[in-house]
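Visitor: Please work out how this folds:
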Amino acid sequence: MRTGEPLPAVGEVLAALATGLWHWDTATGLVTVDAEAARLLGLPAEQTVLTEAQTRARLHPVDWNEITGVVQLAVAEGTLAEVRIRIMDDQGRVVRVVRSRSKPSFDPAKKAYELIGTLQEVTEPTPGTPAGRTAVTGDWRRSREAFLLDAGRALAEARSTEEVLRVAAALSMPGFSPDGLAVFGVEGDRLTIIGHHGQEPGDEGPFSQMSIHTDYPAAEVVRTGRAVYLSSPGQYKERYPLTWPLASHFGRHSWAFLPLTVAGRTMGAWMAGFAYPVAFTPDERSVLTTVARMLAQALTRASAAETQRELTDGLQRSMLPSLGPEIPGMTLAARYIPTGGGLQVGGDWYDMIPLPGGTSRTKSGGSRFALVIGDVQGHDVRAAGLMGQLRIALRAYASEGHRPDAVLSRSSAFLHGLTDAEGGADLRFATCLYVEVDPVSGVLETARAGHLDPAIRMADGTVLVRATAGGLPLGIDPDADYPTTRLALEPGEALMMCTDGLLETGGHDLDTGWQRIRKTLETHEGDLEELADALVQAVHGPSSHHTTGPLSDRREDDIAVLLLCRQGAGGCGPGTAPPVEQPVRRSVLTVAQAEPEQISVARQQLRELLHDWTCEDQLDSAVLLVSETLTNVLVHTDADALLVAEVIGTPGERRLRIEVTDTSDDLPHKRRPGELASSGRGLVLIELLADTWGVAPRGEGKSIWFELYEPGDSGESGGGSAVGA
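Guide: Sure, this is the predicted structure:
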């Protein structure tokens, strides 16, 4: 070329230098190559456009992974990306080695990489020779840095020893990947095999339980804390003649034994074996040493995590009981999900306690039994310890034959004394719900200490929250009283007891959390175990992400759930109750003179009982009349009131019957109050709003009752008529 003549085209220069051009855009997933680059890839020498999959099929899989790591590192540092690529033929054989240099860029909007680079064939030196290793100190250093970043990230994310070993076996070191590895541990003065890869099962036998004083490379590494590199079988045989026969049949050519050191203590050794000679240059030793350090730290973290899991699992198993033997006529299910604390054991607990005495005997020879669920304040070790002590105290008091109120009173005094004895620096309280069950009659005697009320799921899926009398949480007042409430569980009905974590997890308050759980209770079809799983899935399963609550605080809490079902003819669950011609829903509630607030509970229970009533006006009328009749008993008599509400029949043809009974013999009389009168309208309202009503004298006292008929397709219901008034 003469001075002043125009320069040749870039493509001509590159072609003369046997250098190809390629362009890769990850946004489109296409790779464009010129004629020379296509030839180097083993394709016809013409410009073409390939997909990523087509390109990847021509490259060694390890090198493809290295490309992505090097590109990310080059973008982060703003430098060129250099990498060696082995080109494969259709039979999986390496046909040539090319070197790529490119300038990658990253588009934040598209979140994609784009790079334009060159491909040039290089002569691949023989593996293990000095010529084959010197390139690593130059162009390959960047790919090794990318490898170490990826290896460190993968080992840091491993959570178990098995996972750490799996990550270590999958590590592909750039330029010199081992084909076998083994990780040795130390127990006393013996080597143990923690794990191995690249050998057949059973091959590790001669190396396990080997004394650390044996003439074996791993034993020497553990004794001295210094690495051992053996570049050839000759070196191995010369240096360790006694144990060479154990290693010779594996057919390897080079070995590296490195100490696994954490905080200055050698905890074991790592063996990397190579199927070809490796010179172990300073760069290679640096990579192996770094990997050994990361491997030691990962194994230490995994071992600590496994020890902690084993400890907490054992603690949980010792604190949470089994549900005991099968109880005729009853089905039990329970779940405990420790999500609130790092120990995976918190202050929530449940228990099933066989009780002495009684007339209903189980197959195991026991009598009635008690169900307990509770929550000790906090999610730390102290909460777990107090939970275990309180659970034992409850079992002791219940096993002595005390009634539910006495069990909770004694437990409250016990917890108060337990925390107060420590100087009051860390006073704790606990909520608790105690239910004594008669499996023959289905009668439940409940006592509650600041805990959530139980819920009953009827045979047709209707769910009612059963309001129960209660007292202060345990441990606050050693002299606290805990009144009892009697409930009845009909065949086919299920009782649910839970801690507040089931409702409040996911940013919910008690109201919104109950609506989420109630929907699951009403719509679930299946046995009691499946219902318990469904309740947990509603809180922690995939569907829970679509039902987040209104609160910004998304902290999770421990969950305990206890389910009890009184079996019908077909077991528990929708449609399994004994077939009857007239399905019945029933709710019973006592309103004492000293508890006028129970009238509000009665209104709420009635609305829950009539949750699917077709006429909203009739629902409002029923609530109004219940409130009126209960108020009349409290105002005009000195007696308590018993409310019995029944829904009889099938949807669209049902009859609601409300009966309020008291022990007063004074019969009500219908009056005609003036416009300004403050009372006297009770029977007038009943006559106007009820389809039929009446007053029935009892042997002692009386009952006022009324009925509402669910309107059919015509939407009509009967008028008010007095019967037996």
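
Visitor: just the strands in the stretch 551-700 of the chain please.
Guide: Using DSSP state E, counting those that start in this stretch, the strands found in the stretch 551-700 of the chain span residues 559-566, 584-591, 641-648, 655-662, 692-697.

Visitor: packing partners for the first one?
Guide: Helices and strands touching strand 559-566, as assessed by 3 or more C-beta pairs under 8 Å, 6 or more residues apart in numbering; DSSP states H and E, comprise strand 330-337, strand 348-354, strand 369-376, strand 494-498, helix 501-504, helix 528-540. Where C-beta positions appear, they are placed from N, C-alpha and C, glycine not excepted.

Visitor: Now the longest one: buried residues?
Guide: Going back to what we said before, that points to helix 528-540. 528, 531, 532, 534, 535, 536, 538, 539, 540 (16 or more other C-beta atoms under 10 Å).

Visitor: Closest one to residue 68 out of these, please.
Guide: Using C-beta to C-beta, residue 540 comes nearest to residue 68 of the buried residues of helix 528-540, at 34.7 Å.

Visitor: Thought residue 533 was touching the closest one, still the case?
Guide: No - counting by C-beta atoms under 8 Å, residue 540 does not reach residue 533; the two are 10.6 Å apart.

Visitor: Out of the strands of the stretch 551-700 of the chain, name the one with the poorest average pLDDT.
Guide: Among those, strand 584-591 carries the lowest mean pLDDT, a mean of 81.

Visitor: tell me which residues of it are tucked away?
Guide: Residues of strand 584-591 classed as buried by neighbour count (16+ other C-beta under 10 Å): 585, 586, 587, 589, 591.

Visitor: same check, this time on stretch 268-279
Guide: So stretch 268-279, judged by 16+ other C-beta under 10 Å, has buried residues 268, 269, 270, 271, 272, 273, 274, 275, 277, 278, 279.

Visitor: Inside strands: which ones of those?
Guide: Of the positions in those, 268, 269, 270, 271, 272, 273, 274 sit in strands, assigned by DSSP state E.

Visitor: Closest one to residue 51 out of those residues, please.
Guide: residue 274 (35.0 Å).

Visitor: quick revisit: out of the helices and strands packed on strand 559-566, nearest to residue 151?
Guide: helix 528-540 (33.1 Å).

Visitor: longest helix anywhere in this structure?
Guide: Longest helix of the chain, by residue count under DSSP state H: helix 282-319.

Visitor: How far does that one sit from its chain's centre?
Guide: 23 Å (C-alpha atoms, centre = their mean, to the nearest Å).

Visitor: Could you pull out the buried residues of that helix?
Guide: Neighbour-count burial for helix 282-319 [16+ other C-beta under 10 Å]: 283-284, 287-288, 290-303, 312, 315-316, 319.

Visitor: Excluding sequence neighbours, find me the nearest residue to the residue most central in space within the chain.
Guide: In the chain, the centroid-proximal residue (C-alpha atoms, centre = their mean) is residue 540; its distance is 5.6 Å. Take residue 540 and drop its neighbours on the chain: the residue closest to it by C-beta to C-beta, 6 or more residues apart in numbering is residue 337, 6.8 Å away.

Visitor: beta partners of that neighbour?
Guide: residue 559 (DSSP bridges).

Visitor: and the gap between it and residue 435?
Guide: From residue 337 across to residue 435, the span is 21 Å (C-beta to C-beta, to the nearest Å).

Visitor: tally of neighbours for residue 438?
Guide: 18 (other C-beta atoms under 10 Å).

Visitor: didn't it look like it was pressed against residue 368?
Guide: Yes - between residue 438 and residue 368 there is a contact at 5.3 Å, judged by C-beta under 8 Å.

Visitor: need the longest strand for this protein.
Guide: The chain, longest strand under DSSP E: strand 94-107.

Visitor: Can you name the residues that contact the closest residue to residue 613 other than its chain neighbours?
Guide: Of all residues not flanking residue 613 in the chain, residue 619 sits nearest, at 5.1 Å (C-beta to C-beta, 6+ apart). Listed by C-beta atoms under 8 Å, 6 or more residues apart in numbering, the contact set of residue 619 reads 607, 610, 613.
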